[in-house]
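Enquirer: what's the 3D shape of this:
(chains A and B)
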Amino acid sequence: MATRPMPAAATPIPWWRHRQILPWLVQAAVGLIVLVLVAFLVSNLVRNLTAAGLLLSFGWLDNPAGFPIAETALPYDPAMPYWRALAAGLVNTLRVVLAGLVGSSLLGLVAGSAAFSSNGLLRRLARGYVELIRNIPLLLQLVFWYFVVFLALPNGSAAIQLPGLVLAKSGLYLGAAQLVNGVWQAPISLSVEFGALLTGLVVYTGAFIAEVVRGGIASVPRGQWEAARSLGLSQPQTLVQIVLPQALRVIVPGLNSQFISLAKNSSLAVACGYPDFYSVASTTGNQTGRDVEVVVILLGAYLVIDLLISALMNGVNRLVQLKER
Amino acid sequence: MTMPPVPSRHALGRRLRSELFASPLDGVISVALIVGLAAAALGLGHWATTQARWAVIQANSTLFAVGRYPEPQQWRLWLLTTLLAAAAGLSWGLLRGLPRPDRPAQRWPRNDRLALLLLITLALLVPVSLKLSVVIQLRWWLITALLLILRWAAGRWAQRIPGHWQRWLPLLWPLLYLVGMVLISGGLGLIQVPSSDWGGLLLTLLEASFAILLCFPLGILLALGRRSTLPLLRWGSVLYIEFIRGAPLITLLFLGQNILGFLLPGGLAPERVWRAAWVLTLFAAAYVAEAVRSGLAAVPRGQMEAARSLGLPLPLALLHVVLPQALRVALPATVGQFITLLQDTTLLSLIGLSDLLFVAGTVMANPAYLGRNAEVYLTLAVLFWCCCAALGLGSRALERRLDPNPLPSS
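Expert: Residues are numbered from 1 along each chain as shown, chains lettered A, B, ... in the order given. Modelled structure (predicted):
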């Protein structure tokens, strides 16, 4: 190997490459760039909004909204102020999210467990369900459920009647439904828009939860299955009484992100005509021109929903984790 | 195995029995499932062959493909498709024809023969079933033939290409992307086609590819920032990632369409198509960052320490030692995000950009095709499913290819 001539004298390291100074220089540079960028954007925003006479204010929330909302759980009519319209939309969103959480958990649990069935056909069906649903956009599935399935339901006496449930084009009726003058009446009635959105969200999120459940069950050691079977428990008994309780410790943390994405995905309700929070907010934005305030409210509300779900799931997680001393 | 499996009716019967009829309960479930599935398949088949009117797809195939892209300029898209097919055939052939240190050159492995069969079947069936005109059918056949000929030729003569050429060949793709942009939008002597005229599959693929290409480096930077020891970088990245992940995409698209104009000085805001593309990019970057972060976490700390103690500066240590290992681990999750991104482009229809789903809406608003929702949505679903499943398969193949300790293939 040829020896390389050594530099005559080690050149001193420049001061800005000192290991205690360099990190601060890097941070200062990044901080400065971000600061300049933010200042630039905000100054533009203020200047443009002032020019348009739309400077940030929330006083317009008290003005009458003037637009109808097709269905509300919170009493609402168009003479009420904007904040009341937004609140009605938020309640609509919470309604579909809560129902979706329950439905998708159940569907995911069943589909995820089916992947461990002794029945080969059931296993492949569960696999096929997950592969089919995960590779098709949710929005496409929602419009499919709404336009192709729910709006094609027959009306009046031709409606599909199941025990405790009537499916008609005019709505979904739970409980003891009766046909009065060609109109269905029941203790609980839901709109087809709600039905389509809920079905779409449950079927879509259920596929993702099924994968979480499958991963959880797969994490339980094989010996647990074998021990339970050799004690004489049947396959379903083993699953429900031995394996699932242990799998929950792995499943629950994974559910958190799926639940949050379900809450965020519920904002696609506008595609099937359900007046959720986003849909009401975007109508409000169009009417008032207060897009900036509307976006701030939207982002804030969804952030709060996400945090609530996280807090709830952290509580559940504490319940199912092993208590170690 | 000491006993060779005996392929006989008994073996098949035994297998069926253990799979489907192991216990009485299993038997009942199996029979119910078989009856249900058969009924569903028969119903779907009956509907598809007798009641469905597929003319809505056949008559509007151009609209679905490119939207309202002006017809006199469509030759540019044909040229782009031809160039893409040529580049794909060339790359595919070279990939197989050049021997690698860990793998002998194998010109036609089994998967390639399957892909060949699939390509030929698609090229023969799809243009015919869409009832395209003979000229257009011929074009598709020629493009497929070009792809296959280049695949064959590149595989055959790959080793004759001098080494320094081989090193520069991957640059073909970014170059082609730029050429494609010029071909689509115009400029350099071509007539400008305004971005509001782009639509259908063209717009969907353009937005998805733009966002995928840009969100990947952005996501890597964000992930590195989140794991940095410098508090400002770390907290900045955390804030950005958590803000984006906490918001539904549709609200961010709304923000991009309606507020970006206020945030930039007048006239600087990009066109609506590009606003949406940037929002998609910035959105996906936060999710890719989380995928890459999980990969970074899987690289042992000693790797970085060893690289630094060998005298590598931090950027080089990251580039040559840590990132290659981290990205390999993060590959499945990252491609998963790309698939989600491709699906998320459907949200563009909600903000009034004419992507595939929006075109579907305009087609079904045509009185001639009123009520043909099922045909249109099913076709789109099949299209998206095939694209996403292909990406997933590609990811799995790449994962196996990059695995440093592969299991012996069975």
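Enquirer: who touches B:E399 in this structure?
Expert: Applying Cβ atoms under 8 Å, 6 or more residues apart in numbering or on different chains to B:E399 gives the contacts B:328, B:331-332. Backbone N, C-alpha and C define where each C-beta goes, glycine included.
Enquirer: what does A:V30 give?
Expert: A:V30 neighbours (Cβ under 8 Å, 6+ apart): B:232-233, B:236.
Enquirer: now do B:M181
Expert: If you count contacts by Cβ under 8 Å, 6+ apart, B:M181 has none.
Enquirer: can I take it that it is in a helix?
Expert: Yes - assigned with DSSP: H, G, I helix; E, B strand; the rest coil, B:M181 falls within a helix.
Enquirer: any idea how far it lies from A:S157?
Expert: 59 Å (Cβ to Cβ, to the nearest Å).
Enquirer: what's the longest helix in the chain?
Expert: You didn't pick a chain, so chain A it is. Scanning chain A for the longest helix, with DSSP state H as the assignment, gives helix A:82-114.
Enquirer: wait, I meant chain B there
Expert: helix B:373-402.
Enquirer: say whether chain B is contacted by the longest helix of chain A.
Expert: No - on the criterion Cβ under 8 Å from any Cβ of the partner chain, helix A:82-114 is out of touch with chain B, staying 9.8 Å away.
Enquirer: so how far is B:G256 from B:A381?
Expert: Counting by Cβ to Cβ, the gap from B:A381 to B:G256 is 27 Å.
Enquirer: more neighbours, those two?
Expert: Legend: neighbour count by other Cβ atoms under 10 Å in any protein chain shown for B:A381 and B:G256, higher for B:G256 (24 against 17).
Enquirer: show me the contacts for that one.
Expert: B:G256 touches B:275-276, B:278-279, counting by Cβ under 8 Å, 6+ apart.
Enquirer: now, among the contacts of B:E399, which is nearest to A:V203?
Expert: Nearest to A:V203 among those, counting by Cβ to Cβ, is B:P332 at 23.8 Å.
Enquirer: what's in contact with the host helix or strand of the closest one?
Expert: Applying DSSP states H and E as the criterion places B:P332 in helix B:323-344. The contact list for helix B:323-344, computed with Cβ under 8 Å, 6+ apart, reads A:135-138, B:204, B:208, B:211-212, B:215-216, B:219-220, B:249, B:280, B:283-284, B:287-288, B:290-292, B:294-296, B:298-299, B:303, B:384, B:387-388, B:391-392, B:394-396, B:398-399, B:402-403.
Enquirer: out of those residues, which end up buried?
Expert: Buried residues within these, defined by neighbour count using 16 or more other Cβ atoms under 10 Å in any protein chain shown: A:135-138, B:204, B:208, B:211-212, B:215-216, B:219-220, B:249, B:280, B:283-284, B:287-288, B:290-292, B:295-296, B:299, B:384, B:387-388, B:391-392, B:395.
Enquirer: coming back round to it: just put the contacts of B:E399 in a markdown table and tack on neighbour count.
Expert: Shown next, in a markdown table, are these (neighbours: other Cβ atoms under 10 Å in any protein chain shown):
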| residue | neighbour count |
| --- | --- |
| B:R328 | 17 |
| B:L331 | 18 |
| B:P332 | 16 |
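Enquirer: quick check, nearest of those to chain A?
Expert: B:P332 (12.4 Å; Cβ to the nearest Cβ).
Enquirer: how far away is the closest one from B:A211?
Expert: Distance, B:P332 to B:A211, by Cβ to Cβ: 19 Å.
Enquirer: just checking, B:W274 touches B:S195?
Expert: Yes - in this structure B:W274 lies within contact range of B:S195 using Cβ atoms under 8 Å: 7.0 Å.
Enquirer: which one of the two has more residues nearby?
Expert: More neighbours surround B:S195 than the other of B:W274 and B:S195, with 18 against 14 (other Cβ under 10 Å).
Enquirer: count of residues packed around the closest residue to that one other than its chain neighbours?
Expert: Among residues not flanking B:S195 along the chain, B:V273 sits closest, at 4.1 Å (Cβ to Cβ, 6 or more residues apart in numbering or on different chains). By the criterion of other Cβ under 10 Å, B:V273 has 22 neighbours.
Enquirer: from chain A, how far off is B:V273?
Expert: The gap separating B:V273 from chain A is 18 Å, by Cβ to the nearest Cβ, to the nearest Å.
Enquirer: where does the closest residue to B:G180 other than its chain neighbours sit, in terms of helix or strand?
Expert: Leaving out its chain neighbours, the residue that sits closest to B:G180 by Cβ to Cβ, 6+ apart is B:L80, at 5.1 Å. Under the criterion of DSSP H and E, B:L80 resides in helix B:75-97.
Enquirer: domain parsing for chain B?
Expert: Split into domains by automatic domain parsing, chain B comes to B:58-188, B:194-403.
Enquirer: sorry, back to before: from what I see, the residue nearest to B:G180 and B:S185 are in contact.
Expert: No - with contact defined as Cβ under 8 Å, B:L80 does not reach B:S185; the gap is 11.5 Å.
Enquirer: what about the closest residue to chain B within chain A, distance to B:T49?
Expert: For chain A and chain B, the shortest gap (Cβ to the nearest Cβ) falls at A:G120, measuring 3.3 Å. Distance, A:G120 to B:T49, by Cβ to Cβ: 30 Å.
Enquirer: cool, A:L32 as well?
Expert: Going from A:L32 to B:T49 by Cβ to Cβ gives 67 Å.
Enquirer: likewise for A:R84?
Expert: Relative to B:T49, and taking Cβ to Cβ, A:R84 is found at 52 Å.
Enquirer: of the two, who's got more company?
Expert: Neighbours per residue (other Cβ under 10 Å) separate A:R84 from B:T49, with A:R84 holding more: 20 against 9.
Enquirer: residue contacts, the closest residue to that one other than its chain neighbours?
Expert: Leaving out its chain neighbours, the residue that sits closest to A:R84 by Cβ to Cβ, 6+ apart is A:Y76, at 6.2 Å. Contacts for A:Y76 (Cβ under 8 Å, 6+ apart) come out as A:69, A:84-85, A:88.
Enquirer: same list (those) but as JSON lines, adding distance to B:R167.
Expert: Compiled in JSON lines, the contacts of A:Y76 are given as follows (distance: Cβ to Cβ, whole Å):
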{"residue": "A:I69", "distance to B:R167": "62"}
{"residue": "A:R84", "distance to B:R167": "66"}
{"residue": "A:A85", "distance to B:R167": "62"}
{"residue": "A:A88", "distance to B:R167": "63"}
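Enquirer: with that, I have no additional questions.
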